[in-house]
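**Q** predicted model and sequence below, questions to follow.
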Amino acid sequence: MSQEEGKRRAGRAAMRFVEPGMIVGVGTGSTVAHFIDALGERRGDIEAAVSSSEQSSRLLRERGIPLVDLNSVGELALYVDGADECDPNRCLIKGGGAALTREKIIAAVSRQFVCIIDPSKRVEVLGRFPLPVEVIPMARSHVARQLVLLGGQPVWRDGVVTDNGNWILDVHNLRITDPVALEREINQIVGVVTVGLFAQRRADVVLTGEDG
């Protein structure tokens, strides 16, 4: 099975969690694009979607799916999103698409978080994929120095500006054996907006697109 077929299967498998009348939280990325395609085929069944990025908002509009602002909704029943890595405890690294802050907000207000990945994203220990950290631009150097003290090698994702107007540091050479503790520690660094560790609010369900 190809990687793209794994993404397609995972995206479409998430539709089993979509119920009539729902407002669905929708993440960002190539696997989520397959979920949006499937959601578009049933757009009459759902009330609307809350999007985590301008990219996903565009795809949702193209498929005729109404969008609503999270502030007007409150709690969501379902959030579907992908990941760059997933460990056996359903802790995730996210942010390869630079939408980590909005993704984390939507995950926090959702009763059920369904993560859709192709099998290549499964790892025993997080950290092979560089850990994204969204930072206030003026704090980039300060945050980078603090991340070095934590054992990482931060690299500025030059030329990338998030939908929130911030910058991304990608932290290489980490072996994340305690994702909850590291998430808490990085979030305490002044100038950090969000770290792409989803461990305190991890996925409830992970669909890998594999047979069975």
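**A** Perfect, I can see it now.

**Q** where along this structure do the strands fall?
**A** Secondary structure of the chain by DSSP state E: the strands cover 23-26, 48-51, 76-81, 85-86, 92-93, 110-116, 131-135, 153-156, 167-172, 192-195, 197-198, 205-207.

**Q** now do the contacts for the nearest residue to Gly196 once chain neighbours are set aside.
**A** Here the nearest residue to Gly196 in space, its sequence neighbours aside, is Gly95; by CB to CB, 6 or more residues apart in numbering that works out to 3.2 Å. For glycine as for every other residue, the C-beta is placed from the backbone atoms N, C-alpha and C. Contact analysis of Gly95 by CB atoms under 8 Å, 6 or more residues apart in numbering lists Asp84, Glu103, Leu131, Pro132, Val133, Glu134, Ile168, Gly196.

**Q** that older thread, closest one to Ser2 among the strands of the chain?
**A** strand 110-116 (15.9 Å; CB to CB).

**Q** need the residues that contact the closest one.
**A** 7, 10-11, 13-14, 17, 25, 31-32, 34-35, 75-83, 86, 90, 92, 107, 201-207, 209.

**Q** buried only: go through those residues for me.
**A** 7, 10-11, 13-14, 17, 25, 31-32, 34-35, 76, 78-83, 86, 90, 92, 107, 201-204, 206-207, 209 (16 or more other CB atoms under 10 Å).

**Q** could you list the low-pLDDT ranges of this structure?
**A** 1, 211-212 (pLDDT under 70).

**Q** what's the domain layout of it?
**A** 3-123+201-207, 131-196 (automatic domain parsing).

**Q** between the two ends of the first one, how far is it?
**A** Using CA to CA, to the nearest Å, the gap from the first to the last residue of domain 3-123+201-207 comes to 14 Å.

**Q** the last one too?
**A** From the first residue to the last, domain 131-196 extends over 6 Å; the measure is CA to CA.

**Q** report the distance from it to the chain centre.
**A** 15 Å (CA atoms, centre = their mean, to the nearest Å).

**Q** next: the first one.
**A** The gap between where domain 3-123+201-207 is centred and where its chain is centred comes out at 8 Å by CA atoms, centre = their mean.

**Q** picking up where we left off before, out of the strands of the chain, which gets nearest to His142?
**A** strand 131-135 (8.6 Å).

**Q** elements contacting the closest one?
**A** Contact here means 3 or more CB pairs under 8 Å, 6 or more residues apart in numbering; DSSP states H and E; on that basis strand 131-135 packs against helix 100-108, helix 140-149, strand 167-172, strand 192-195.
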